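A.B. asks: Give the three-dimensional model of this entry:
(one chain, ligands or ions: 1)
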Amino acid sequence: MQTAAKIFVISGPSGSGKSTLLKRLFSEYPSTFGFSISHTTRKPRPGEVDGKDYHFVEKEDMIKEVEQGKFIESATFSGNMYGTSIKAVEDVVADGKVCMLDIDMQGVQSVKKTALNPKYIFVQPPSIEILEERLRGRGTEKEEAVLARLAASKKELEYGAIPGSYDSIIINDDLENAYNALKKAIFV
Ligand SMILES: Nc1ncnc2c1ncn2[C@@H]1O[C@H](COP(=O)(O)OP(=O)(O)OP(=O)(O)O)[C@@H](O)[C@H]1O
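C.D. replies: Prediction:
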């Protein structure tokens, strides 16, 4: 099946349903799509393979490459750096797959400065109240983290509402409808 682009950026507030939708897409089309492999400065855990689970790199090398503008996004969690390089996205395409990039609003703005030329998809919750319900229902975050995510989601929603920020907006109310809308945005 033909897709509208080789790279899709999927963004939206935490809890809006990006992972749920992508999981479905990957299971319906197991050989069409791929995720880029992230870099990290943390040490591999037993069984983790360099270049498969992560690109395991030294901190000074990663800092240098981030400074050189080779990364779309990078962040530090508990002392370890993580990030997505532009090349990691290009590698997915070189491997014959359509790259799905699940990133936040800052990542979106950063991709816009590259030559990757993806289609941008925004996954929008039906309302803030429902977003809050789903975030709590997921049960993966402590109260503090839920509140931080909700605060960040307001900015994500504002950015999503600016005309031209995204090529498609998927309102994730009924999952079935949202999934069909996602497929419409992806396949031509
Ligand atoms: N259409 C829907 N109707 C009801 N519940 C949904 C729907 N879509 C997703 N959910 C539920 O909402 C919660 C958040 O979804 P999900 O984890 O996919 O969000 P996300 O955007 O990937 O979040 P994050 O950015 O934090 O990874 C999950 O518990 C999921 O099962």
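A.B. asks: Spit out the contact partners of the residue lying closest to Val146 once chain neighbours are set aside.
C.D. replies: Nearest residue to Val146, sequence neighbours excluded (Cβ to Cβ, 6 or more residues apart in numbering): Leu135, at 5.2 Å. Any C-beta I mention is one placed from the backbone N, CA and C, and that applies to glycine too. Contacts here follow Cβ atoms under 8 Å, 6 or more residues apart in numbering; on that basis Leu135 touches Ser14, Gly15, Glu141, Val146, Arg149, Leu150.
A.B. asks: For the most centrally placed residue in the chain, give me the pLDDT.
C.D. replies: For the chain, the residue lying nearest the average C-alpha position, counting by Cα atoms, centre = their mean, turns out to be Asp102 (0.9 Å). According to the prediction, Asp102 has pLDDT 97.
A.B. asks: Could you do Met1 as well?
C.D. replies: According to the prediction, Met1 has pLDDT 83.
A.B. asks: What number of residues are in the vicinity of it?
C.D. replies: Other residues near Met1 come to 9 when the count uses other Cβ atoms under 10 Å.
A.B. asks: Need the phi and psi values for the closest residue to it other than its chain neighbours.
C.D. replies: On the basis of Cβ to Cβ, 6+ apart, the spatially nearest residue to Met1 that is not a chain neighbour turns out to be Phe187, at 5.3 Å. Dihedral angles of Phe187 (phi, psi; degrees, to the nearest 10) stand at phi -90, psi 140.
A.B. asks: Including distance to Asp95, neighbour count and secondary structure, could the contacts of Leu135 go into JSON lines?
C.D. replies: Listed next are these as JSON lines, based on distance: Cβ to Cβ, whole Å; neighbours: other Cβ atoms under 10 Å; DSSP: H, G, I helix; E, B strand; the rest coil:
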{"residue": "Ser14", "distance to Asp95": "29", "neighbour count": "22", "secondary structure": "coil"}
{"residue": "Gly15", "distance to Asp95": "31", "neighbour count": "26", "secondary structure": "coil"}
{"residue": "Glu141", "distance to Asp95": "33", "neighbour count": "15", "secondary structure": "coil"}
{"residue": "Val146", "distance to Asp95": "37", "neighbour count": "18", "secondary structure": "helix"}
{"residue": "Arg149", "distance to Asp95": "32", "neighbour count": "17", "secondary structure": "helix"}
{"residue": "Leu150", "distance to Asp95": "37", "neighbour count": "17", "secondary structure": "helix"}
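A.B. asks: Excluding sequence neighbours, find me the nearest residue to Ile186.
C.D. replies: Distances taken as Cβ to Cβ, 6+ apart place Thr3 nearest to Ile186, at 5.5 Å, with adjacent residues excluded.
A.B. asks: Many thanks, have a good one.
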